[in-house]
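Asks: After the sequence you'll find the predicted model.
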Amino acid sequence: MITGDYHIHTVRCGHAKGELQDYINFAISKNLREIGFSDHAPM
Ligand SMILES: [Zn+2]
């Protein structure tokens with residue numbers, strides 16, 4: 001069972017779209033206990 005996701009790229013590094021809250025809402029909907037953002041330079 002997957003309980004966390006620590007490899008999430010967002011709009012901050014240009015590899016995804018949407019609001020950060022959307023990631024949190026999605027994680028909650030999938031019953032994830034933890035998530036970690038792994039955005040990187042250039043930001
Ligand atoms: Zn990225």
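Replies: Structure's in. What do you need?
Asks: now the most centrally placed residue in the chain: how far from the ion?
Replies: The centroid of the chain falls nearest to residue 8 when counting by C-alpha atoms, centre = their mean (4.0 Å). Distance, residue 8 to the ion, using C-beta to the ion, to the nearest Å: 9 Å. For every residue, glycine as well, the C-beta is placed using N, CA and C.
Asks: try residue 31
Replies: With distances taken as C-beta to the ion, residue 31 is found 25 Å from the ion.
Asks: re earlier: how deep is the closest residue to the residue nearest to the centre of the chain other than its chain neighbours tucked in, by neighbour count?
Replies: The spatially closest residue to residue 8, leaving aside those adjacent along the chain, is residue 37, at 5.1 Å (C-beta to C-beta, 6 or more residues apart in numbering). If you count neighbours by other C-beta atoms under 10 Å, residue 37 ends up with 15.
Asks: Likewise for the one 3 residues further on?
Replies: Counted with other C-beta under 10 Å, the burial measure for residue 40 works out to 11 neighbours.
Asks: From the ion, how far out is it?
Replies: 6 Å.
Asks: Quick check, that residue in contact with residue 13.
Replies: Yes. Using C-beta atoms under 8 Å, residue 40 is in contact with residue 13, at 5.2 Å.
Asks: Got the confidence number for the residue in the chain sticking out farthest from the centre?
Replies: Distance from the C-alpha centroid of the chain peaks at residue 1, with 18.1 Å (C-alpha atoms, centre = their mean). We have a pLDDT of 82 for residue 1.
Asks: And for residue 36?
Replies: Reading off the confidence values, residue 36 has pLDDT 96.
Asks: can I assume it sits in a strand?
Replies: Yes. Residue 36 forms part of a strand when assessed by DSSP: H, G, I helix; E, B strand; the rest coil.
Asks: Enumerate every residue touching it.
Replies: Counting by C-beta atoms under 8 Å, 6 or more residues apart in numbering, residue 36 makes contact with 4, 5, 6, 7, 8.
Asks: Let me know the secondary structure of the fourth one.
Replies: In terms of secondary structure, residue 7 is strand; the call rests on three-state DSSP.
Asks: I'd say it and residue 39 touch.
Replies: No. The pair residue 7 / residue 39 is not scored as a contact, 10.5 Å apart, by C-beta under 8 Å.
Asks: Alright, that wraps it up for me.
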